[in-house]
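In: model this:
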Amino acid sequence: MEYLGLIIFFSVVAIIGAVGVWFFHFGRSAIRKRKILPFYAIAAAVVFGTSAEYWTPTKMVLMIAWPVISVITLLYIRNSRFCDNCGRGMMSLSFTPPRYCPACGSQLQHIRAGNH
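Out: I've put the predicted structure just below:
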């Protein structure tokens with residue numbers, strides 16, 4: 001039965017990863033990416049957290065894992081940007097967001113994921 005859980009987990013992770021690569025890498029619509037990113041990131045976090053809960057023998061670890069997963073997910077959503085011109089996604093790793101798209105050079109509007 002342990003192998004069935006692993007197969008299901010890796011299958012779900014592979015599907016979420018493939019959909020993410022297809023949509024966020026090959027998609028061109030920045031507006032659509034901004035709308036979908038929060039749902040996608042939360043779904044991936046829930047899958048990761050649920051798998052950690054399933055395979056962790058002690059529940060004490062989960063008292064730390066769920067808040068850490070939540071903070072990482074929120075920061076990922078907050079720091080993700082998409083170029084309106086070419087649709088490329090980028091992460092703002094500093095406190096100042098990028099001003100120009102590294103792919104096409106157009107000036108970026110500072111619209112966060114989840115906002116229109």
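
In: tell me which stretches of this structure form strands.
Out: 80-82, 89-91 (DSSP state E).

In: residue nearest the centroid of this protein?
Out: With distances taken as Cα atoms, centre = their mean, the residue of the chain nearest its centroid is A41 (3.6 Å).

In: contacting residues around that one?
Out: Residues near A41 by Cβ atoms under 8 Å, 6 or more residues apart in numbering: 73, 76-77. To be clear about C-beta, it is placed using only N, CA and C from the backbone, and glycine gets the same treatment.

In: if we use 10 Å, what do you get?
Out: Contacts for A41 (Cβ atoms under 10 Å, 6 or more residues apart in numbering) come out as 20, 72-77, 80, 113-114.

In: and those, which is closest to P97?
Out: Checking the contacts of A41 against P97 by Cβ to Cβ gives S80 as the nearest, at 10.3 Å.

In: could you check how far the closest one is from S11?
Out: Here S80 is placed at a distance of 26 Å from S11 (Cβ to Cβ, to the nearest Å).

In: more neighbours, these two?
Out: Between S80 and S11, S80 has the larger neighbour count (other Cβ atoms under 10 Å), namely 20 against 10.

In: ok, that one to L37 distance?
Out: From S80 to L37 the distance is 6 Å (Cβ to Cβ).

In: helices along this structure, start to end?
Out: 2-20, 26, 30-55, 60-79 (DSSP state H).
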